[in-house]
Structures are given as structure tokens and as C-alpha cells.
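[1] 3D, please:
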Amino acid sequence: MHLYIHVPFCRRACHYCDFHFSTQLSRKAEMTAAMVREIELRADFLPNRTLETVYFGGGTPSLLNINELHDIFDTLHRLYAISPNAEITLEANPDDITPDRLKIWEKAGINRLSLGIQTFDPFALAFMNRIHTADHALSCVKLAQDAGFSSLTIDLMYGIPPDWAYQKAIKKGIVDRMPALHQVWENDLEIALNLQVPHISSYCLTIEEKTVFGNWTEKKKLPPVDDAFPAAQFDLLQKGMKQAGYEQYEVSNFALPGQYARHNTAYWQGKPYLGIGPSAHSYDGSSRYINVPNNIQYLKAIQSETLPQEIEELTPFDRFNELLLTGLRTQWGVSLHALKQVWENKQLPKDFEEQLQRNLKLGHVFMEKNALKIPTDQWLFADRIAADLFVIPEGSL
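    Prediction:
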């Protein structure tokens, strides 16, 4: 069984982030108690009571104090068996990393850290409104390694235009010229690889509608970005990681041999999971359960012993298309056997077969050991290729 716990609090709102969170930390203890109660209320969600992975995401889970962590883990140990080799991940901001906190996390049972660095460049950090500094970004990895955390991953972000990040610094005379087009990203990659962490996740900066960047873009405060810019940085990422011995096992994830993220891999392979907290999703193999993305509504529901969720019954079309969307982002691809199982072991849809043949001829996909895959040089377009293979119910267009 796989468990996700969404901690919906941050000290500060990053300009690019559209995840659910609140900066009102005064209700953190109350929220933790509510999440503990939700774990109890949903103890029978999946028949398997052995936890293989636990993932604390957010938000900023590193804001949880020792008592809040203890309450969550005490509940998990009371209701579930935790596998001896379970992967238990905590997302942490670099500014939260201290020797004392690292000891607390390790003692609680955390054995993997996901560090939200994003960039080592001070001006890019300031532009994104990140709370940590470039020094924090560098020192947090060493602190975690010195504390014995051998299972580490760091998040990096590419596609940050230098003219966005450096414009204020140049106007104020802090720097005298703009860096070369890809210099910031090349420096980030070099620093990250020198840290020798076993896993790196790297995501393209995406302008989401309900964010500060989305607002600035709508008001023309940010100039448009040519698609060639992030594409070139993705190419640098792939080449740099491969040269350093990392395996690109999913579009945005790179690992040294044997260091794959087991929790996220479970998502990509369509395995059932339970999600706890506001905005968290759960999946039982046939339906999705979506918690309300509102802290106050969530608290009121749980305190009245009600699960604050909507249930989405997934049709064979939904499950077929989701299997394509997630599986084609990975090195394992999607087996035709799995697609037929979702399609109730019937003959695969004619429109899928036609689109498949077209994409095979174009070189967008290939077959290997009865699995459908996307060539790594096409992975930047994985979502678009998968969507081209979707099966659409008649009359829905």
C-alpha cells in the first residue's frame, strides 16, 4: 500500500506554485489532528494494510514539529504494518534543514528526503520568491548527507529566462550584465552533479493561471518565452545526467542505478494509493477520491466525522487514457496486456490502433517486448504524444 500525506502550509507563496497551501500557520496543530483522524476514518480504504511507501508532500511538510510528526507516525503504527524496507519520504525546504531537525526526522522514521532547491542562483531564487538562499541550497545537502541520509533527491527547475530573473539586479546595479542564455541552468546542473545525490527531479517552469507569474503574464509584465528555450535546457539536462551515470526513468526524474523513487513509481504504474489531507487524491483501482482543496472546509468536515471528498468513477476510457498518460512518461512504457486488461480484455479500439500505427511511422513511439514506449529524444513531448493516442467516447467531442 502507498500513502500520501499532504501538509497544506508554507511560510511564503512561491510565484510559480499552484499547489494547495496556506501561509496561515496558526491552524497547523489543528490540521495535523484532523489528518490523523482522516487516517483513522480511512483505515479500511485498501485491503492491504502494509505500507510500502509513505510520502509527506505539500505545501511544506518540513514545517511539522516533533509532536505533530509523532502523532502521525503513532497513528500509522497503530493502524498499519510498515514494511521493514518501506520508503518514507519527507519534502523539505533548504531553510528548514538543521542538524537537530535531521535527527528528529530520522528518529521518527523518515529515511528519504526530497529537497526543494529549484536553483542555486540567488537572483533566480529571489525572482521566484523562494524563502531560502543560495547558501541554504548548497549547505542543506551536505547537512543531510553528514546526518546519514543516503537516500536524497533534489528538485531543480529549468526554463527560467535570465532576463526575467536578472532584470531587477541589473537595474539596481548589483550585476553589470545579463548571464549567457543557458549559463544559470548549466551552473545549476554542474553544482547538482558535484553534490553526488542519488536522485534528481527536474521540472520545467510552467506558468499556471492562478499564480503570481500567471497574473504577471496576463498583465504583460513578463515577456513570452520561445519554446526553443526550455527545449534546449531539457536537452542539456538529458545529456548531462546521462554522462554522469544517471538513468532517466521518467520524463522529469533521474536516478543512479537502484535509486528510483518507489512512491512516485507506484503512481506512474497505476497502483492504488491513499491520499490524506486537503486536496489529496486517492485511487483504489477503479475510482478516484478527491479531497476538498480548502483548509477550513476540510477541518469542518473531519471534525464532524465526514470525509470531505468527491468520488470520480473512472470509465474504461478514463483508465485506458490515464495508463497511456502516466506509463508513456516512463522508461517502462505501457504494456499492451495492461491496456487490454483495462479494456476488459476486448480487442483494442480501432481509433487507437490507427493512431498507434501513425505514431509508429512518425517515430514518436516504438514497441519493445510488447510494451509501447516513447524514444527518450521525444520525451519532452510525452504528454502530447500520449494525448494523440487517447480513446475518446463517441459523441463526447
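
[2] all helices of the stretch 201-350 of the chain, in order?
    Remark: helices assigned in the stretch 201-350 of the chain by DSSP state H, counting those that start in this stretch are 212-218, 228-243, 262-268, 295-303, 316-327, 336-342, 350-362.

[3] now Gly240: how far from Leu189?
    Per C-beta to C-beta, to the nearest Å, Gly240 is found 5 Å from Leu189. Quick note: C-beta positions are derived from backbone N, CA and C, even for glycine.

[4] please say which of those two ends up with more neighbours.
    Neighbours per residue, other C-beta atoms under 10 Å: of Gly240 and Leu189, the larger number sits with Leu189, 23 against 18.

[5] quickly list what the closest residue to Gln238 other than its chain neighbours is bridged to.
    Of all residues not flanking Gln238 in the chain, Gln248 sits nearest, at 6.3 Å (C-beta to C-beta, 6 or more residues apart in numbering). Taking DSSP bridges, one obtains Phe254 as the residues bridged to Gln248.

[6] in this structure Gln248 contacts Trp379, no?
    Yes - if you go by C-beta atoms under 8 Å, Gln248 and Trp379 touch, sitting 7.4 Å apart.

[7] and the strand ranked longest in the chain, which strands flank it?
    Determined from DSSP state E, the single longest strand within the chain is strand 81-92. Partners of strand 81-92 in the sheet, by DSSP bridges, are strand 50-58 (parallel), strand 112-118 (parallel).

[8] show me the common contact partners of Gln248 and Trp379, please.
    Residues touching both Gln248 and Trp379 (C-beta atoms under 8 Å, 6 or more residues apart in numbering): Gln238.

[9] please compute how far stretch 87-98 lies from its chain's middle.
    Remark: stretch 87-98 is offset 14 Å from the chain centroid, using C-alpha atoms, centre = their mean, to the nearest Å.

[10] and the contacts of it?
    Identification of contacts with stretch 87-98 by C-beta under 8 Å, 6+ apart yields 11, 52-58, 60-63, 82, 105, 109-117, 131-133, 136-137, 139-140, 143-144, 151, 261-263.

[11] now swap in stretch 19-26 and tell me
    6, 8-13, 58-60, 63, 278-279, 293, 295.

[12] next one: stretch 365-383
    Stretch 365-383 is contacted from outside by 231, 234, 238, 248, 251, 325, 327-329, 331-337, 339, 356, 359-360, 363-364, 385, 389, using C-beta under 8 Å, 6+ apart.

[13] for the residue lying closest to Gln303 once chain neighbours are set aside, give me phi and psi.
    Computed as C-beta to C-beta, 6+ apart, the closest residue to Gln303 that is not its neighbour in sequence is Ala34, at 6.7 Å. As for Ala34, its main-chain torsions (degrees, to the nearest 10) stand at phi -70, psi -40.

[14] ok, now Phe9?
    Torsion angles, degrees, to the nearest 10, at Phe9: phi -140, psi 140.

[15] picking that back up, tell me the pLDDT of the residue nearest to Gln303.
    With respect to pLDDT, Ala34 scores 98.

[16] and what about the closest residue to Pro162 other than its chain neighbours, helix, strand or coil?
    Of all residues not flanking Pro162 in the chain, Pro179 sits nearest, at 5.0 Å (C-beta to C-beta, 6+ apart). Here Pro179 takes the coil state, with states given by DSSP: H, G, I helix; E, B strand; the rest coil.

[17] about what we covered before: what about the residue nearest to Gln238, how many residues nearby?
    19.

[18] and it, what does it touch?
    238, 241-242, 254, 331, 376, 379.

[19] buried subset of these, written for PyMOL?
    Per 16 or more other C-beta atoms under 10 Å, the buried members of those correspond to this PyMOL selection:
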select buried, resi 238+241+254+331+379
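
[20] now the contacts of Gln248 as CSV including pLDDT and distance to Arg288?
    Shown next, in CSV, are the contacts of Gln248 (pLDDT from 0 to 100; distance: C-beta to C-beta, whole Å):
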residue, pLDDT, distance to Arg288
Gln238, 97, 32
Met241, 97, 32
Lys242, 97, 35
Phe254, 98, 28
Gln331, 96, 25
Thr376, 93, 30
Trp379, 94, 26
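
[21] mind checking which of the strands paired with strand 81-92 is nearest Phe213?
    strand 112-118 (13.3 Å; C-beta to C-beta).

[22] now for Pro278: which residues touch it?
    6, 8, 20, 31, 291-295, 298, 308.

[23] pLDDT score for the spatially most central residue of the chain?
    For the chain, the residue sitting closest to the mean C-alpha position, by C-alpha atoms, centre = their mean, is Asn264 at 7.7 Å. pLDDT, Asn264: 96.

[24] what do you get for Glu186?
    Note for Glu186: predicted pLDDT of 98.

[25] ramachandran angles for it?
    Per-residue torsions, Glu186: phi -60, psi -40 (degrees, to the nearest 10).

[26] one step back: ok, of the contacts of stretch 365-383, which come out buried?
    With neighbours counted by 16+ other C-beta under 10 Å, these contain buried members at 234, 238, 248, 251, 325, 327-329, 331-334, 339, 356, 359, 364, 385, 389.

[27] circling back to that earlier point, from Ile296, how far off is the residue nearest to the centre of the chain?
    30 Å.

[28] again, but for Asn129
    25 Å.

[29] do the same with Gln347
    Distance, Gln347 to Ile296, by C-beta to C-beta: 49 Å.

[30] tell me the secondary structure for the residue of the chain most remote from its centre?
    Largest separation from the mean C-alpha position in the chain: Gly173, at 36.7 Å (C-alpha atoms, centre = their mean). For Gly173, the secondary structure call by three-state DSSP comes out as coil.

[31] picking that back up, who wins for proximity to Gln183 among the helices of the stretch 201-350 of the chain?
    For Gln183, the closest of the helices of the stretch 201-350 of the chain is helix 228-243, at 11.1 Å, according to C-beta to C-beta.

[32] which elements pack onto the closest one?
    Judged by 3 or more C-beta pairs under 8 Å, 6 or more residues apart in numbering; DSSP states H and E, helix 228-243 is in contact with strand 152-158, helix 183-194, strand 199-204, strand 247-250.
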